[in-house]
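1. A predicted structure for the sequence below; I have some questions about it.
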Amino acid sequence: MIPVFEPSVGEDEVEAVAAAVRAGEISGSFGESIPLFEQEFAAYVGCSHGVAVTSGTTALQLAVAAAGFGEGDEIIVSASTNIASALAAYHNGAVPVPVDVEPDTWNIDLDLVEAQITATTRAIMPVHLFGHPVDMNHLTEIAREHELVVIEDCAESHGATVRGRMTGSFGELSCFSFYANKIITTGEGGMVMTDDAELAERLRLLRNLAFQKPRFFHEEAGFNFRMTGMQAALGRVQLRKIDGMIDQKRRVADTYNRLLADVPGIQTPVERDWARNVYWMYSIVVGEDFGVDRDELMTTLQRRGIETRTFFCPLNMQPCLQRQRGFREVPSPVAEELWRTGVYLPSSISLPDETIAAIVEEIDAAGRR
Ligand SMILES: Cc1ncc(COP(=O)(O)O)c(C=O)c1O
């Protein structure tokens with residue numbers, strides 16, 4: 001089976017993790033690896049502070065908590081995203097408000113945002129889906145006008161840029177994931193970035209059960225979202241390789257784009273002229289004029305040993321959110337259509353061009369059957 005992704009972790013990483021274990025950096029409280037990884041990744045993104053946590057999910061949850069949003073607050077989110085984006089609001093008692101996406105970048109449609117802003121809207125969470133950035137200059141203008149805090153979900157966009165500036169450097173807060181299938185990984189892990197020293201302090205406090213003085217007396221209800229030193233050691237080695245990894249992601253995308261251009265009925269990813277897409281997962285949309293529908297294509301590819309995955313189920317269709325008091329099922333026809341027709345293909349950086357060619361041949365043949 002050709003998997004949708006294979007992590008790229010080598011002997012350098014193994015040695016770094018072993019060294020961290022030998023140095024006793026096994027928890028989230030000791031050693032140099034965590035602060036060093038935080039500083040190095042913050043420098044890469046172009047932010048002043050990084051706070052390493054256990055996952056992208058907890059990074060988002062912590063960011064919303066540190067910003068002080070909860071019951072009675074609404075947070076605008078792209079409708080087509082991992083449920084984690086919405087749960088960051090949900091688990092803080094705030095209500096996520098889905099906004100439909102653009103049919104080509106698959107990112108939040110900024111023309112639809114203002115219609116969803118109410119007196120209780122506090123923040124907006126752009127998600128840079130599959131590695132294509134949201135137009136953060138435009139989004140920041142909207143946020144400024146309506147006094148909304150911007151919390152970027154960069155789980156899929158390490159290294160993606162908007163007019164040359166890194167995703168993650170625009171929002172008051174931005175959140176990354178280092179899950180195994182992300183551009184760089186720590187196994188499980190995440191990080192919240194900010195330029196605001198006070199917010200960074202608050203993130204650190206809440207990450208660590210809000211320990212204060214005297215110890216074991218807690219004014220606030222915090223979380224244990226600490227990343228371990230072993231993971232940070234792994235992340236530091238991965239970070240040194242990030243440029244090469246992104247080059248490979250772009251090579252994989254170029255090859256697919258070139259070969260799929262001749263396959264009728266397949267919509268390929270775009271890259272706006274102001275954007276650098278890092279093609280986290282190479283995604284396509286199966287059109288009406290392709291010979292079979294998306295599900296049939298996926299079944300055929302599965303039989304041929306090619307793993308694929310659908311796009312995300314839109315937030316307005318998620319039962320766990322529909323049951324939340326105050327949740328608005330904002331219709332998201334584009335995201336709903338993408339849920340029916342979108343699929344992502346094997347996207348590992350180790351994928352040779354010949355294998356990509358074989359995958360495209362299978363797609364072409366499936367459409368002609
Ligand atoms: C857009 C988006 N946000 C958040 C997450 C959550 O990240 P994690 O899996 O590290 O919790 C993911 C990931 O998988 C994601 O794709």
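-> Received, thanks. In this text, all values refer to a predicted model and were calculated from it rather than measured experimentally.
2. And stretch 96-111, what's buried?
-> 96-102, 105-110 (16 or more other CB atoms under 10 Å). Yep, even glycine has a C-beta here, placed from its N, CA and C like the rest.
3. no no, stretch 194-212
-> With burial defined by 16+ other CB under 10 Å, the residues of stretch 194-212 counted as buried are 194-196, 199-200, 202-209.
4. Spell out which residues of the chain are next to the ligand.
-> Proximity of the chain to the ligand, by CB under 6 Å from any ligand atom, involves residues 55-57, 81-82, 84-85, 127, 153, 155-156, 177, 179, 190.
5. okay, those residues in a markdown table with secondary structure next?
-> Formatted as a markdown table, those follow (DSSP: H, G, I helix; E, B strand; the rest coil):
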| residue | secondary structure |
| --- | --- |
| S55 | coil |
| G56 | helix |
| T57 | helix |
| T81 | coil |
| N82 | coil |
| A84 | helix |
| S85 | helix |
| V127 | strand |
| D153 | strand |
| A155 | coil |
| E156 | coil |
| S177 | strand |
| Y179 | strand |
| G190 | strand |
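6. now, which of the buried residues of stretch 194-212 lie within helices?
-> Mapping those onto helices (DSSP state H) picks out 199-200, 202-207.
7. Next, count neighbours for S29.
-> 11 (other CB atoms under 10 Å).
8. Please read the previous query as pertaining to M245.
-> M245: 19 neighbours (other CB under 10 Å).
9. Now it: which helix or strand?
-> helix 242-260 (DSSP states H and E).
10. ok now that helix, how far from the chain's centre?
-> 18 Å (CA atoms, centre = their mean, to the nearest Å).
11. swap in stretch 15-32?
-> Counting by CA atoms, centre = their mean, stretch 15-32 is centred 27 Å from the centre of its parent chain.
12. Same question for that stretch: list its buried residues.
-> 16-17, 20, 25, 28, 31.
13. could those residues go into TSV alongside pLDDT and secondary structure?
-> Formatted as TSV, the buried residues of stretch 15-32 follow (pLDDT from 0 to 100; DSSP: H, G, I helix; E, B strand; the rest coil):
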residue	pLDDT	secondary structure
A16	98	helix
V17	98	helix
A20	97	helix
E25	96	coil
G28	91	coil
G31	93	coil
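14. Could you single out the nearest of the residues you listed to the ligand?
-> G28 (15.7 Å; CB to the nearest ligand atom).
15. Just give the number of residues close to the residue nearest to that closest one when sequence neighbours are not counted.
-> Of all residues not flanking G28 in the chain, R226 sits nearest, at 2.6 Å (CB to CB, 6 or more residues apart in numbering). Other residues within reach of R226, judged by other CB under 10 Å, total 20.
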